[in-house]
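>>> how would this look folded up:
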Amino acid sequence: MRKMTKFWRLYLKFRYMFIPEGPHGDLMRGKLYKPFLKQCGVSFKVYSQAFIYNPNGLSVGDYVCIGFNAYIGAGGDVVLDDGATLGPFVVVSPSTRLRKDGSFRAGGIKSDSIYVGKGTQIAAHACILAGSHIGNGSLVAAGAMVRGSFPDNVLIAGVPPVIKKEYSD
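Residues are numbered from 1 along each chain as shown. Okay, the predicted model is just below:
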């Protein structure tokens with residue numbers, strides 16, 4: 001795994017300018033990130049304008065897709081298991097600010113891991129917060145804000161998140 005430095009971040013931004021839109025470009029962006037990831041499976045796709053702030057803390061399985069303008073932040077480790085998909089404008093935030101002396105700016109940062117299970121879909125504009133564990137085959141509804149652990153094969157929706165439905169094949 002290559003360490004992400006300021007040089008490599010600027011290099012990736014420069015290379016992104018010459019990658020075409022569409023399926024081939026999505027795979028090319030995934031290949032550009034691959035040397036910086038903890039672990040990377042086959043067919044990793046990163047749609048245009050998606051940003052992975054700390055690729056050194058990201059592990060992705062096979063056939064993982066990060067949607068248009070999605071953001072994966074810095075802090076704790078993030079695992080996107082096989083077939084996980086992040087929709088457009090999804091935020092995955094493995095760290096949070098702490099409060100000290102009446103200010104969140106002075107309180108420091110607490111990091112925690114995030115796990116997104118096999119075949120799980122995170123719909124548009126959802127936010128996954130530090131310490132979340134989302135089971136296999138689940139769906140996080142658009143606009144949901146998820147924190148905590150959720151079982152396999154469920155629909156998670158709302159703020160605060162609740163299980164709206166259980167799936168059975």
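
>>> V42 falls within a helix, correct?
No - under DSSP: H, G, I helix; E, B strand; the rest coil, V42 falls outside any helix and is assigned coil.

>>> where does the closest residue to T96 other than its chain neighbours land on pLDDT?
Leaving aside its sequence neighbours, T96 sits nearest to A130 (CB to CB, 6 or more residues apart in numbering; 5.1 Å). For glycine as for every other residue, the C-beta is placed from the backbone atoms N, C-alpha and C. pLDDT, A130: 93.

>>> Chain neighbours aside, what residue packs nearest to P151?
Nearest to P151 is G135, by CB to CB, 6+ apart, at 4.8 Å.

>>> How about the contacts made by the one you found?
The contact partners of G135, by CB atoms under 8 Å, 6 or more residues apart in numbering, come to G117, T120, F150, P151, D152, N153, V154.

>>> What's the local residue count around the second one?
Okay, so that is T120. Neighbourhood size, T120 [other CB atoms under 10 Å]: 26.

>>> Thought H133 was touching it, still the case?
No - in this structure, T120 is not within contact of H133 by CB atoms under 8 Å, at 10.8 Å.

>>> And L58, how close does it get to R147?
Relative to R147, L58 is positioned 19 Å away (CB to CB, to the nearest Å).

>>> out of those two, which sits in the busier spot?
Neighbour count, other CB under 10 Å: between L58 and R147, L58 has more, with 24 against 16.

>>> I'd say E21 and F68 touch.
No - proximity of E21 to F68 does not meet the contact threshold set by CB under 8 Å, at 9.8 Å.
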